[in-house]
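[1] here is a sequence together with a model predicted from it:
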Amino acid sequence: METTTIKATEICPTSTFKRVQEGALLVDVREENEIQQVAFNVPKIMYVPISEFEKRFSEIPQDREVILVCQSGSRSLKATYFLMNHGYTHVVNMHSGIERWIKKGFPIIGDASSVQSDSCCSSNSCC
Amino acid sequence: MKTIKILGTGCAKCKQTEAVVRQTLTNLGIEANIVKVEDIQEIMKYNIFTTPVVVVDEIVKIKGKVPTSDEIKQLLLA
């Protein structure tokens, strides 16, 4: 398989919020237990956890803008490169994750205090 | 000489993996090129989400865990 040599595009939560309003699809790669605690409150979102990403990534549409998100922006950056390596051209990563999203005051569902800003990432996807 | 890449973004498990690899090489008296890969873009060229990863001569051998010295030994002597 060809792997990309192009650097992934990364955008901030403010740009993400604007693009979602314009029709971009958010793809949250956090695990279910994390999403149950706090989730992005946007109209167009799908959940493809990193632990299932290799099996399920083809569910993500290729013909529209997709913004990958997670807790801190690290796992979603990996997912962004994974999709780029699989031929996706309209994918970007939201850096700083839901942590920054919450700090910027964008809409969520659940308990904002459940997000620990000093955490790395989920136990089964971190190094 | 084998080239051993250790893929990981710099967390404790990745550092442990490097230490195990280096210690095993020393114990066996084997020389190898050790390359640490911490850049996510470079890591994702292997399309692997779970680090640390040990790559020997561009073949992924271990992923998602800190290997034991015996596991590294088997890779090096294979």
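    Yep, it's here.

[2] is chain B within reach of the longest helix that chain A contains?
    Counting by DSSP state H, the longest helix found in chain A is helix A:74-85. Yes. Helix A:74-85 reaches chain B (CB under 8 Å from any CB of the partner chain) through A:Ser74, A:Arg75, A:Leu77, A:Lys78, A:Ala79, A:Tyr81, A:Phe82, A:Asn85. (Each C-beta comes from the backbone N, C-alpha and C, glycine too.)

[3] would you map the strands across the chain?
    Defaulting to chain A. A:10-11, A:25-28, A:38-40, A:45-47, A:66-69, A:91-94, A:108-110 (DSSP state E).

[4] my bad, the chain I had in mind was chain B
    Using DSSP E, strands in chain B cover B:2-7, B:32-37, B:53-56, B:59-63.

[5] who's the residue nearest to the spatial centre of chain B bridged to?
    Nearest to the mean C-alpha position of chain B, counting by CA atoms, centre = their mean, stands B:Val54 at 2.9 Å. According to DSSP bridges, the residues that bridge with B:Val54 are B:Ile6, B:Ile62.

[6] and it, what is it in contact with?
    Applying CB atoms under 8 Å, 6 or more residues apart in numbering or on different chains, we find B:Val54 in contact with B:4-7, B:17, B:21, B:60-63, B:67, B:72, B:75.
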